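Novice: I would like to see how this sequence folds:
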Amino acid sequence: MIAAMDIRVTKAERSKLNDISLENLPFGKYFTDHMLEAEYENGKWVNIEIKPYQPLVLDPSLAALHYGQSIFEGIKAYKDSSGNAFIFRPYDNFRRFNLSAVRMNMPEIPEEIFIEGMRQLIALDQDWIPAKKDHSLYIRPFMFATDQMLGVRPSQTYKFLIILSPTGPYYAKPMKIAVEERYTRAAPGGVGFAKNAGNYGGSLLAASIAQQQGYDQVLWTDAFEHKWLQEVGMMNVYFVIDNVAITPSLEEETILNGVTRNSVATLLKDMGVKVEERRINIDEVIAAHKEGRLQEVFGTGTAATIAMIQKLKYREYVMEFDDSHWKLSSQVKQKMNEIKERKVPDTYNWLVNV
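Specialist: Residues are numbered from 1 along each chain as shown. Okay, here's the model as predicted:
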């Protein structure tokens, strides 16, 4: 852990926690009493402070609103049975945040602001962490361009913030997924591996169309053949075929290097399960389904951890699954929850104390 950083702190006069219940929490609706804010100007990060959660005052010409220089991360904090607070794998998110920054031609954030600022912010608002199963404190670090002028060029000023939101389960039920063939999320050479706002804005129309057809999300395919599988909605995806867990590879830089994806791969390997990170197309998946070799399909991500998929549609071919009999996804989810709840030793050093 890095040394404590001197961050100016202004505490809220009254906690909003008195006005809400941490029961039955929707995702991303409520926010804690404080936020962290820092500004980048003249090549330096300055004005680092923790202050009461409040609206931002933005100029209409703000560069981020016009040219899309905006990135973010998603992390979670938990409490164990003794009330101790900790963060799940924040250093992985820190490194990925800066990879996104480099790709979007934005300044990198120092570790002492991202990690230590996060730790101090959570320590101040740790009463907001729900101490119950499948609940957590969602952490949203983000950065955006703040130059006040129109012109297609990298901004010279930026703002970095961290906000916190208590949350319950993201997907309460198994998902229904449609394979997307018209719209494209990412292509080689693009920004698919970066967690930038535009990736998500560009995904909304396809998701809305799928929802109108009775599906929850889409399974993205490549930009050229619309055969090679990428991500499912906002998550990485795993297919269990012949007892092998297959997840799309990162080599084309079209999908996110998911922290939960990598955690699942580590746990599966330690369970003795073969894991393959490689290209996989929809024809292989359909053939495996027809031959009875497709055993499980699930998504992985920070918000949902593991989301079971009960229906997968490609054109007119519909695959339906009974996830109540699935073993690998439920076992790996249980193992991950046991680590997060500190019911078993954290032999991977994934948990960072607040």
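Novice: average pLDDT across stretch 103-123?
Specialist: For stretch 103-123, the mean pLDDT works out to 97.
Novice: list the buried residues in it.
Specialist: By neighbour count on 16 or more other C-beta atoms under 10 Å, the buried set for stretch 103-123 is 103-104, 106-110, 112-122. For the C-beta atoms, the positions are set from N, CA and C on the backbone; glycine is no exception.
Novice: go on, stretch 30-45?
Specialist: Tyr30, Phe31, Thr32, Asp33, His34, Met35, Leu36, Glu37, Ala38, Glu39, Tyr40, Trp45.
Novice: redo the residues you listed as a markdown table? Include pLDDT and secondary structure.
Specialist: Listed next are those as a markdown table, based on pLDDT from 0 to 100; DSSP: H, G, I helix; E, B strand; the rest coil:
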| residue | pLDDT | secondary structure |
| --- | --- | --- |
| Tyr30 | 94 | coil |
| Phe31 | 97 | coil |
| Thr32 | 98 | coil |
| Asp33 | 98 | coil |
| His34 | 98 | strand |
| Met35 | 98 | strand |
| Leu36 | 98 | strand |
| Glu37 | 98 | strand |
| Ala38 | 98 | strand |
| Glu39 | 98 | strand |
| Tyr40 | 98 | strand |
| Trp45 | 97 | strand |
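Novice: quick one: the strands in the stretch 51-200 of the chain?
Specialist: For the stretch 51-200 of the chain, strands defined by DSSP state E, counting those that start in this stretch occupy the ranges 70-72, 75-79, 85-88, 136-145, 158-167, 175-179.
Novice: out of those, which is closest to Ile309?
Specialist: strand 175-179 (5.2 Å; C-beta to C-beta).
Novice: and the closest one, which strands flank it?
Specialist: strand 217-221 (parallel), strand 305-314 (parallel) (DSSP bridges).
Novice: of these, which shows the lowest average pLDDT?
Specialist: Across the strands paired with strand 175-179, the lowest-scoring stretch is strand 305-314, with a mean of 94.
Novice: can you list the buried residues in it?
Specialist: Thr305, Ile306, Ala307, Met308, Ile309, Gln310, Lys311, Leu312, Lys313, Tyr314.
Novice: now for the strand or helix carrying Val352, which elements pack on it?
Specialist: Applying DSSP states H and E as the criterion places Val352 in strand 351-353. If you count contacts as 3 or more C-beta pairs under 8 Å, 6 or more residues apart in numbering; DSSP states H and E, strand 351-353 packs onto strand 85-88.
Novice: what about Val244, neighbour count?
Specialist: Burial of Val244 is recorded as 14 neighbouring residues (other C-beta atoms under 10 Å).
Novice: which residues does it contact?
Specialist: With contact taken as C-beta atoms under 8 Å, 6 or more residues apart in numbering, Val244 is in contact with Val273, Lys274, Val275, Glu276.
Novice: with Tyr78 instead?
Specialist: Ala85, Phe86, Phe88, Ile129, Ser136, Leu137, Lys340, Glu341.
Novice: closest to Ala288 out of the strands paired with strand 175-179?
Specialist: strand 305-314 (11.5 Å).
Novice: re the thing from before, quick check: buried residues in the strand holding Val352?
Specialist: Leu351, Val352.
Novice: what lines up beside that strand in the sheet?
Specialist: When DSSP bridges is applied, strand 351-353 pairs with strand 85-88 (antiparallel).
Novice: remind me which residues of the stretch 101-250 of the chain are low pLDDT?
Specialist: Scanning the stretch 101-250 of the chain with the threshold set as pLDDT under 70 gives 171-172.
Novice: quick one: the helices in it?
Specialist: 111, 117-124, 197-201, 204-212 (DSSP state H, counting those that start in this stretch).
Novice: need those helices in a markdown table (columns: distance to Gly301).
Specialist: Shown next, in a markdown table, are those (distance: least, C-beta to C-beta, whole Å):
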| stretch | distance to Gly301 |
| --- | --- |
| helix 111 | 24 |
| helix 117-124 | 19 |
| helix 197-201 | 12 |
| helix 204-212 | 14 |
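Novice: so which of these is nearest Val259?
Specialist: Using C-beta to C-beta, those put helix 117-124 closest to Val259, at 14.5 Å.
Novice: quick check: angle from the closest one to strand 75-79?
Specialist: 30 degrees (axes from the mean of the first three to the mean of the last three C-alpha atoms, to 10 degrees).
Novice: any idea of the angle helix 117-124 forms with strand 158-167?
Specialist: 40 degrees.
Novice: how far off strand 136-145 does helix 117-124 point, in degrees?
Specialist: 140 degrees.
Novice: helix 117-124 packs against which elements?
Specialist: Using 3+ C-beta pairs under 8 Å, 6+ apart: helix 117-124 touches strand 34-41, strand 44-52, strand 85-88, strand 136-145, strand 158-167.
Novice: what angle separates the last one from strand 34-41?
Specialist: To tie it back to what came earlier, the one meant is strand 158-167. Using the same axes, to 10 degrees: strand 158-167 against strand 34-41 is 160 degrees.
Novice: all set, thanks.
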